[in-house]
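can you look at this prediction? I've put the sequence above it.
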Amino acid sequence: MARWRLRLNIRTKLLALALMLAWLPLLGVSWFGLQSLATARATAEESTIDALRRQTENSLAERAADKAKLYNSTLDHIQQQVESVAGYANTLIAAGPPTEGGGERVWVVPGGATPRNLANYPETVARARQITPLIRTMVARNQLISLGYVAFETGGVIAFNQDIIDKLPYSFDPRDRPWYKAAKTQKGTVWADTYVDANTLQLVTTCATPLYDTEGRVIGVVGFDILLQTIQQDLLQTDIGAQGGAFLLNSDGQVLVAPQMRTDNLQWNEQFRTENLLDSDDPRLRSVVNRMVNGETGIKRLMVDQDDIYLAYAPVNYSGWSVGIIYPESAISGPAKAVGSNIATQQDDLRNQVAIILLLSLIALPVVGATLTLWLTRPLRRLQLGAQRVAAGNFSHQIAVESNDEIGDLVRSFNSMSVALGQQVDELEDNLHRLATLNEVSNRFKTIVSLPELLDMIPRSVCDDLGFDRAALYLAEGSYLRCIAASFGKGNEQQAIDFIEAANNDPVSLEGSTIEADIMRSGQAVIIDNPWEHPKIPQAKQEVAQSESYVQVPIFGHDEVIIGLLSADYQFSQREITPRDAAQLLTYASVVGLTIENTKLYNHLEQQVTQRTTELRAAMERAQEADKLKTQFLAAISHELRTPLNAIIGFSTVMLDELDGPITSMQREDLRTINQNGRVLLHLINELLDLARIEANRVEISPESFALSEVVGEVTDTVQGLIVGKPIKIHASLPSQSLRVYADRAKTRQVLLNLLSNAVKFTSEGTVAITARPMTMMAEGTQQPRTFIAIGVRDTGIGIAPEHFGEIFEEFRQVHAGRTGARGSGLGLAITRKFVELMGGQIWVESELGQGSTFTFTLPVPELGPHDPQNEAAQDDARSIMDGTHA
Ligand code: ADP
């Protein structure tokens with residue numbers, strides 16, 4: 001059953017990872033955003049409250065002023081009414097004694113409205129009754145006025161606008177009342193203090209004004225009672241909200257009206273004492289109340305009994321009162337604060353939620369991130385492991401497709417790639433195997449030098465090494481193709497011979513139209529599937545071969561020339577011949593071709609070499625014979641020559657010494673010439689003998705340790721005799737007389753003599769110097785450093801050009817021949833060099849034309865032996881000279 005898999009490509013996965021990673025900063029930013037929103041909210045709240053406060057302060061002040069104004073005008077109106085009543089009464093009083101004033105009830109003091117009392121004060125009673133109707137009309141018109149009355153000094157008569165006489169106590173005397181006393185003393189309109197009205201038993205205040213007689217004396221007072229309850233109700237109705245309140249203060253600081261004040265059910269004449277705010281403990285309140293009492297207007301924020309309040313105030317000028325409006329601060333800031341705190345709560349909730357999510361994300365993110373990363377990297381890791389296995393050669397390994405994304409696609413591609421790679425590698429290995437086979441065959445063929453053997457071997461190798469059942473080799477011979485060898489498998493040798501015979505009976509013409517001829521021309525390999533009745537195949541051959549199908553490939557020799565062809569089939573195994581088989585046989589054929597050609601060439605060369613070797617050997621033998629003869633001849637000749645020559649020199653010397661009797665000067669001259677030429681000839685013969693000995697390797701060296709100075713002394717003496725008439729000085733300077741060498745003494749002498757006589761010979765004037773110095777050189781034939789003595793012969797003669805440095809050491813070389821007139825054989829230096837080398841040294845020349853030459857040769861110092869004090873001394877000597885410490 002197909003499993004449903006979510007297809008998410010890597011881009012989506014990475015996006016998810018990126019979103020995950022972006023989530024945290026997002027949350028962080030949100031959190032900080034909420035934080036700053038909280039600050040903004042607090043600021044907004046504060047400024048809103050500030051604005052509200054200012055607005056409220058203005059409106060409160062306005063309201064207080066409005067109220068004060070209202071009460072002022074009310075009081076003003078009432079005062080006018082009181083004063084108009086008083087004016088009217090004064091006019092009546094001035095007009096003379098009153099007439100009958102009707103039946104109005106009046107109160108008389110003392111004793112009350114008894115008939116007797118009434119009779120006692122007829123004038124005052126009549127006057128009161130006269131004014132009462134007017135008062136009644138006034139009171140009826142004004143609702144604020146609860147009671148109107150007039151009282152007279154005489155007898156204490158009082159009359160009211162209504163009948164309340166019965167309610168008055170017996171002792172009631174209007175002249176004791178505060179309003180009466182105030183108006184009387186003030187002699188003008190007054191507003192009396194609050195008290196409980198005898199009529200209504202309610203809190204009232206009285207506006208009173210005096211009445212005068214014609215002499216201007218106060219004879220009575222008119223008063224109107226105003227019910228404070230009315231003002232209180234008005235104040236209560238003031239629209240200042242539920243939390244606010246208004247109050248009235250009199251000029252003593254006493255609260256006249258306040259919302260919570262009890263103003264009814266009072267006892268008449270009850271002592272009415274309300275709170276006096278000037279007595280407050282709070283100095284701030286006292287200062288505000290002082291301002292109110294002084295009639296100022298304003299607004300103040302205060303703390304009263306733990307309440308934060310606003311107090312707005314304005315004066316009621318008529319009465320000396322002050323209206324106060326109280327408004328709690330909480331009523332202003334409360335709603336804003338409530339809204340603010342509501343928002344703050346929500347913000348806090350939100351912030352807490354964000355913080356919780358942030359925290360949860362912080363915990364969850366690594367887990368989710370790790371999972372996502374694993375999700376991404378696991379398939380990659382598997383791919384990597386798979387790749388490693390494939391790299392290790394396990395091409396059959398298939399990686400499981402885990403993720404349904406690009407990596408999955410990659411894995412699928414990788415799997416098919418490794419399969420393909422496996423096939424390729426198999427093929428490659430197969431090819432390698434074939435190549436190895438070819439290489440092996442080629443190596444095997446290289447060892448075969450006989451051409452017939454090689455040719456015979458090739459068809460067999462095609463069967464054994466390439467796996468064919470039968471094979472035949474054809475080579476081009478003139479204009480025909482000849483079957484050279486065939487292999488038909490074990491036990492079928494006769495058939496192979498028959499086949500070769502059949503093939504060669506009717507050889508393929510290279511110009512013909514057979515398949516073989518085609519191949520020889522085109523160089524193309526051909527697989528023949530239907531040889532029977534094939535028009536291009538000779539059927540006689542086919543009859544013998546009986547092949548069902550076979551392959552034929554050309555054989556290329558040097559320079560891509562086709563030299564023959566190879567034919568092979570799977571006659572016994574009946575396998576099909578593939579193009580690969582054909583290709584392999586073709587490669588094989590190219591190896592075979594080159595090998596055949598090389599072997600042919602080799603065989604030819606070998607013949608030549610054998611022939612040349614025989615010739616050379618004969619020549620060599622002849623040369624050796626001649627050389628031997630020459631040496632023998634030279635030895636014999638020199639011996640035969642030296643004997644008579646010595647006789648000539650000897651006898652001429654005897655004659656020159658006049659041992660045989662006196663001789664004439666002419667004879668002396670002739671004898672000297674004979675003697676000199678004889679000596680020169682002897683020298684020449686000696687040199688020739690030396691050379692012959694050297695060439696015959698018959699020179700024997702007998703080395704010994706000897707002091708160089710001895711030989712130098714002998715030789716310089718001899719050479720001295722050679723300087724005939726030339727201004728030449730011979731000068732030997734050896735660093736030490738005891739300087740020893742290890743060499744053949746006689747040969748050393750001969751070497752030195754040769755060099756010195758050359759120096760003298762090629763120098764016309766100057767010096768010939770002999771020097772010696774030790775030097776370290778590599779000994780001939782070994783890589784061991786060894787101490788030598790370098791002996792130099794320096795002259796101031798004609799010198800040698802550098803190009804001749806080499807040749808002067810060869811035999812019979814004379815580079816100055818015919819120029820100096822000096823005689824010589826050209827053998828001296830050749831012999832010298834040979835001797836030096838035989839003694840283990842070397843010789844070389846340094847020279848400049850016209851400046852002179854220096855010939856230097858080296859001789860070894862004696863080797864150190866266990867008991868050889870002389871040699872030790874010689875070594876020390878040489879070493880100390882080299883170190884420069886020699887005495
Ligand atoms: P020769 O018998 O002619 O001296 P050598 O073999 O001794 O034969 O010298 C070969 C040649 O080297 C000389 O003929 C001469 O030209 C050159 N030669 C040898 N020694 C000196 C020298 N000291 N100064 C200049 N030429 C020299």
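Structure's in. What do you need? Numbers count the residues shown, from 1 in each chain.

where does the residue nearest to Tyr570 when sequence neighbours are not counted land on pLDDT?
In this structure, Tyr570 finds its nearest non-sequential neighbour in Asp469, 5.2 Å apart by CB to CB, 6 or more residues apart in numbering. No exception for glycine: its C-beta is placed from N, CA and C like everyone else's. On pLDDT, Asp469 comes in at 93.

okay, now the closest residue to the ligand within the stretch 51-200 of the chain: neighbour count?
Closest to the ligand within the stretch 51-200 of the chain is Ala51: 132.9 Å, counting by CB to the nearest ligand atom. Neighbours of Ala51 under the rule other CB atoms under 10 Å: 12.

got the contact list for Leu645?
Counting by CB atoms under 8 Å, 6 or more residues apart in numbering, Leu645 touches Gly678, Leu681, Leu682, Ile685.

try Val462
Residues near Val462 by CB under 8 Å, 6+ apart: Phe468, Ala471, Ser487, Leu566, Ala568, Leu585, Tyr588.

turn those into CSV, including distance to Ile800.
Formatted as CSV, the contacts of Val462 follow (distance: CB to CB, whole Å):
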residue, distance to Ile800
Phe468, 77
Ala471, 75
Ser487, 75
Leu566, 71
Ala568, 76
Leu585, 72
Tyr588, 68
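
of the residues you listed, which belong to strands?
Using DSSP state E, the subset of the contacts of Val462 located in strands is Ala471, Ser487, Leu566, Ala568.

could you dump these into TSV and include neighbour count and distance to Ala743?
Putting the ones in strands among the contacts of Val462 into TSV (neighbours: other CB atoms under 10 Å; distance: CB to CB, whole Å) gives the following:
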residue	neighbour count	distance to Ala743
Ala471	27	75
Ser487	24	74
Leu566	25	73
Ala568	28	77
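
give me the longest helix you can find in the protein.
In the chain, with assignment by DSSP state H, the single longest helix is helix 10-94.

report the strands that pair with the next helix or strand after it, each with its relative direction.
Using DSSP states H and E, the helix or strand that directly follows helix 10-94 along the chain is strand 106-107. With DSSP bridges as the test, strand 106-107 is paired with strand 157-160 (antiparallel).

off-centre distance for the strand it pairs with?
How far strand 157-160 lies from its chain's middle: 117 Å, per CA atoms, centre = their mean, to the nearest Å.

one more: stretch 702-713?
The chain centroid and the centroid of stretch 702-713 are separated by 81 Å, computed with CA atoms, centre = their mean.

Ala338 and Thr48, how far apart?
12 Å (CB to CB, to the nearest Å).

so between these two, which is more surrounded?
Neighbour count, other CB under 10 Å: between Ala338 and Thr48, Thr48 has more, with 17 against 10.

which ones are touching the more buried one?
Neighbours of Thr48 in contact, by CB under 8 Å, 6+ apart: Ala336.

any idea how far Val760 is from the ligand?
8 Å (CB to the nearest ligand atom, to the nearest Å).

give me the element that residue is part of.
Here Val760 is assigned to helix 745-761, by DSSP H and E.

tell me which other helices or strands that helix touches.
Here helix 745-761 is seen to pack against helix 708-720, strand 728-733, strand 766-778, strand 785-795, helix 828-838, strand 852-860 when contacts are counted using 3 or more CB pairs under 8 Å, 6 or more residues apart in numbering; DSSP states H and E.

do you know how far the closest residue to Asp76 other than its chain neighbours is from Leu256?
Spatial nearest neighbour of Asp76, chain neighbours left out: Tyr318 (5.9 Å); criterion: CB to CB, 6+ apart. Separation of Tyr318 from Leu256 (CB to CB): 13 Å.

more neighbours: which of these two?
Each of Tyr318 and Leu256 has its neighbours counted (other CB under 10 Å); Leu256 has more, 26 against 17.

list the contacts of Gln143.
Thr230.

how about the residues of the stretch 151-300 of the chain near the ligand?
For the stretch 151-300 of the chain, no residue is in contact with the ligand (CB under 6 Å from any ligand atom).

what about the nearest residue to Ala696 once chain neighbours are set aside, which helix or strand?
Of all residues not flanking Ala696 in the chain, Thr631 sits nearest, at 4.9 Å (CB to CB, 6+ apart). Thr631 is part of helix 579-656 when elements are defined by DSSP H and E.

tell me the mean pLDDT over that helix?
pLDDT averaged over helix 579-656 gives 88.

tilt between the helix or strand just after it and helix 579-656?
As assigned by DSSP H and E, the chain's next helix or strand after helix 579-656 is helix 665-695. Between the axes of helix 665-695 and helix 579-656, defined by axes from the mean of the first three to the mean of the last three CA atoms, to 10 degrees, the angle is 150 degrees.

helix 665-695 - contacts with which helices or strands?
Applying 3+ CB pairs under 8 Å, 6+ apart, we find helix 665-695 packed against helix 579-656, helix 828-838.

right, and those helices - which one's nearest Glu765?
Across the helices and strands packed on helix 665-695, the minimum distance to Glu765, taken as CB to CB, is reached by helix 828-838, at 22.0 Å.

whichever helix or strand comes after the closest one pairs with which strands, and in what direction?
Where DSSP H and E defines the elements, the next helix or strand beyond helix 828-838 is strand 843-848. Its sheet considered, strand 843-848 pairs with strand 852-860 (antiparallel) by DSSP bridges.

tell me how far the strand it pairs with is from the chain's mean position?
For strand 852-860, the distance to the chain centre is 72 Å (CA atoms, centre = their mean).

and the next helix or strand past it?
That would be, after strand 852-860 and using DSSP H and E, helix 869-883.

identify each buried residue in that next one, please.
Asn871, Ala874, Gln875, Asp877, Ala878, Ile881 (16 or more other CB atoms under 10 Å).

from those, which single one is nearest Thr748?
Of the buried residues of helix 869-883, the one sitting nearest to Thr748 (CB to CB) turns out to be Ala874, at 14.7 Å.

burial count for the closest residue to that closest one other than its chain neighbours?
Take Ala874 and drop its neighbours on the chain: the residue closest to it by CB to CB, 6+ apart is Arg740, 3.8 Å away. Using other CB under 10 Å, Arg740 is surrounded by 24 other residues.

quick revisit: state the distance from the residue of the stretch 51-200 of the chain closest to the ligand to Ala44.
Distance from Ala51 to Ala44, by CB to CB: 11 Å.

excluding chain neighbours, give the residue nearest to Val508 in space.
Leu481 (4.1 Å).

for Gly678, same thing?
Ile649 (4.3 Å).

the one you found is in contact with Arg679, isn't it?
Yes - under the criterion of CB atoms under 8 Å, Ile649 makes contact with Arg679 at 6.1 Å.

more neighbours: which of the two?
More crowded of Ile649 and Arg679, by other CB under 10 Å: Ile649, with 19 against 15.
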